[in-house]
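> my questions are about this predicted structure, shown below with the sequence.
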Amino acid sequence: MQSQPPQNRRARIGITIGDPAGIGPEVALRAASSDEVLGICSPVLVGDASYLVRWARIFGLTSGFEILPAGFPIPSPEKLPDAAIIYDTANLPEDVDMGRDSAAAGRAAAGCIEAAARLCLSGELDAVATAPISKRALALAGYSYPGHTEMFAALASCDDFAMTFFAPSLRVALLTTHVALAQVPSLVKRAGLERLIRLLDRELQRYGFDRPRIAVAALNPHAGEGGLFGVEEAREMLPAIDACRADGIEASGPHPGDTVFVRASRGAFDIVVSCYHDQGLIPVKCLSFGEAVNVTLGLPFIRTSVDHGAAFDIAGKGRAEYGSMIAAVRLAAELHARRRQER
């Protein structure tokens, strides 16, 4: 029988640098060298080492980073250095035009994601926290993924996954993600909602929620008002919720969207299913901008991310706020610890 690792070992948390033309390298470097992150885990920056070292000097981060060439195994937890490691992807052969989308930047960002997924799947990383990418740069590089979530799912061969957001007083899961608002009603279907509720129940239990209280936000005002303002609630949503409840899942709704999020923030529910992107993200960011963390549930490894974009307007200027990156790393370490306890 394989011996179990010590319960107090430091988690190896990968930190991808995101789009190199945005603020990703800055927030990744600042977070990885911060006392807050070094005190809770062993950070492993995943990105081009020469590029990161140059920006570390520019930002005055002189504490030093240990560079590990790509292909070399990440040390076991007991052999990790006190400083952050840079896992060198060596994938920025040309200069990056800061603050602009480019195919070169998109390829580099995608290469970091691919390396991080590979390291998580091999067990060399315990989790990964990602800095922001540019979806346009990713497309210019020839990738068709709308974002991190779908790309990680494809790399992990995972068909059942969900984009969620964890904030101090509110958790939200998205039924639909990056689609036009006009398309949302046609995508609110019983099968998809039932699948998501079951996924949330299963995944949240892995992280210490004994019987997750899952609330579903209605699509239409006043939850359709008995069909006066829409039929999706009665035709698609209620049957999905009832089917899950019949199997012992504590799901409820559809609840009017104008009240369910504040009720959840006050402790009535553990997570809210949002029908569309902004329905869920507006309350999360109003309550906890800079503190909320994007979590991809359903993957075979833990993946968290910041709650902001690449911020091209301030890229390379040393003004990026990196609190969200610290929050993403902290939650990754916490979820890793909870998962170990469940095991």
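Received the coordinates, thanks.

> use CA for all of it now, contacts and neighbours both
Will do.

> contacting residues for the residue nearest to Glu291 when sequence neighbours are not counted?
Residue nearest to Glu291 in three dimensions, not counting chain neighbours: Ser324, with 5.5 Å by CA to CA, 6 or more residues apart in numbering. With contact set as CA atoms under 8 Å, 6 or more residues apart in numbering, Ser324 has these partners: 290-293, 306-308.

> is Ser324 in a helix, a strand, or coil?
Secondary structure for Ser324, judged by DSSP: H, G, I helix; E, B strand; the rest coil, is helix.

> could I get the CA-only coordinates of stretch 54-74 as PDB?
Output of stretch 54-74 as PDB, limited to C-alpha atoms (Å, rounded to 0.1, in the frame of the first residue of the first chain):
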ATOM      1  CA  ARG A  54      12.800  40.900 -16.500                       C
ATOM      2  CA  TRP A  55       9.500  42.100 -15.100                       C
ATOM      3  CA  ALA A  56      10.400  41.100 -11.600                       C
ATOM      4  CA  ARG A  57      13.300  43.400 -11.800                       C
ATOM      5  CA  ILE A  58      11.200  46.200 -13.200                       C
ATOM      6  CA  PHE A  59       8.700  45.800 -10.400                       C
ATOM      7  CA  GLY A  60      11.400  45.700  -7.800                       C
ATOM      8  CA  LEU A  61      10.800  42.100  -6.700                       C
ATOM      9  CA  THR A  62      14.300  41.300  -5.600                       C
ATOM     10  CA  SER A  63      13.600  38.300  -3.300                       C
ATOM     11  CA  GLY A  64      14.500  35.900  -6.200                       C
ATOM     12  CA  PHE A  65      12.800  33.000  -7.900                       C
ATOM     13  CA  GLU A  66      14.100  29.500  -8.500                       C
ATOM     14  CA  ILE A  67      13.900  28.600 -12.200                       C
ATOM     15  CA  LEU A  68      13.000  25.100 -13.200                       C
ATOM     16  CA  PRO A  69      13.400  24.200 -16.900                       C
ATOM     17  CA  ALA A  70      10.400  22.800 -18.700                       C
ATOM     18  CA  GLY A  71      10.300  19.000 -18.600                       C
ATOM     19  CA  PHE A  72      12.100  18.800 -15.300                       C
ATOM     20  CA  PRO A  73       9.800  17.400 -12.500                       C
ATOM     21  CA  ILE A  74       8.600  19.700  -9.800                       C
END
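
> give me the contacts around it.
With contact meaning CA under 8 Å, 6+ apart, stretch 54-74 is reached by 25-26, 29-30, 33, 49, 81, 83-90, 124-125, 318.

> from the chain's centre, how far out does it sit?
Distance of stretch 54-74 from its chain centroid, counting by CA atoms, centre = their mean, to the nearest Å, is 24 Å.

> again with stretch 102-119
16 Å.

> show residues contacting it.
14, 16-21, 46-47, 89, 91-92, 94, 96, 125, 128, 133-134, 136-142, 148, 152, 155-156.

> out of the contacts of Ser324, who's nearest Ile249?
Val293 (25.0 Å; CA to CA).

> need the pLDDT of that closest one.
Looking at Val293, its pLDDT is 94.

> for Tyr145, which non-adjacent residue is spatially closest?
Nearest to Tyr145 is Met151, by CA to CA, 6+ apart, at 5.8 Å.

> follow-up on the earlier one: which of the contacts of stretch 102-119 fall in helices?
Using DSSP state H, the subset of the contacts of stretch 102-119 located in helices is 136-140, 148, 152, 155.

> returning to what we had before: may I see the PyMOL selection of the buried members of the contacts of Ser324?
With 16 or more other CA atoms under 10 Å as the criterion, this PyMOL line picks the buried residues out of the contacts of Ser324:
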select buried, resi 290+291+292+293+306+307+308
